[in-house]
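Student: Quick one: sequence and predicted model below, then my questions.
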Amino acid sequence: MGHAAGDVLGLAAGVAVSPLPIVAMILVLATPRGRLNGSLLAVGWILGLAVLGALMLLVGGSGGGSTDKHPATWVGALKLALGVLLVLFGARQWRRRPTDANQAQLPQWMAAIDRFTPAKVLALGLALSAANAKNAPLTVAAGASISSAGIPVPQQIATLAVFVLIASLGVLAPLGVYLLMGERAKNVLGNWRDWAVLHNVAVMAVLFLVLGLKLVGDGVSILTS
């Protein structure tokens, strides 16, 4: 189990470093129902990662995630494909980065986030984790790694829980600061938001490329061993 957890640690860190979801959490916390909406966004985020990861555990369980404690061929092929996808996304992000970071803009839907109902906030959390171009491939790759580790199902579930916890730290951090500091958190969260907005594209591009190359390497290693 320790080896499996170590194998997904980098992937979980890659999910945790998600500037736009962090900005979304900060904006949600600034709404009149900040405590409720922030909690719902966190629940949606965690559910999205947990369900997507659990689906991969089921696929690995039925499809044979490992043979003689060695990852199955399909696991290597999946990691290779996901890695190539992330590298392509990274190159695209890098080409589209603004020449001046101060010109960075938020997605239009964020301007209406203060009018989101609790149900929409919950759905937003699900989408930001399970339908995100970076987070979804990384979570799928983590689930494939866990299912191919050759460990019992209870340990697979525990390892997935560790992945989800670490992957959620970025989004949970603003919520924790808000709950602990109350009104005093406004300046801190405002500085976090401004930094994330300015550097979102560059951070995402680098993460796409680095994590994509890691998955490509993992996939090639599995397919050639």
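Tutor: Nice, thanks for sending it over. Numbers count the residues shown, from 1 in each chain.

Student: going forward, measure contacts and count neighbours with C-alpha atoms only.
Tutor: Will do.

Student: chain center to the longest helix that the chain contains, what's the gap?
Tutor: Across the chain, the helix with the greatest residue count (assigned by DSSP state H) is helix 185-224. How far helix 185-224 lies from its chain's middle: 9 Å, per CA atoms, centre = their mean, to the nearest Å.

Student: Show me what that helix is packed against.
Tutor: helix 2-16, helix 19-29, helix 73-96, helix 169-181 (3 or more CA pairs under 8 Å, 6 or more residues apart in numbering; DSSP states H and E).

Student: Between helix 169-181 and the second one, find me the angle.
Tutor: What separates the directions of helix 19-29 and helix 169-181 is an angle of 30 degrees, with axes from the mean of the first three to the mean of the last three CA atoms, to 10 degrees.

Student: Which positions within the helix or strand just after helix 19-29 qualify as buried?
Tutor: Note on helix 19-29: by DSSP states H and E, the next helix or strand toward the C-terminus is helix 34-63. Using 16 or more other CA atoms under 10 Å as the test for burial, helix 34-63 gives 34-35, 37-50, 52-54, 56-58, 60-61.

Student: how big is the angle separating helix 34-63 from helix 169-181?
Tutor: Relative orientation of helix 34-63 versus helix 169-181 (the same axes, to 10 degrees): 150 degrees.

Student: what about the protein, any weak spots by pLDDT?
Tutor: Within the chain, the segments meeting pLDDT under 70 span 1-4, 61-69, 98-106.
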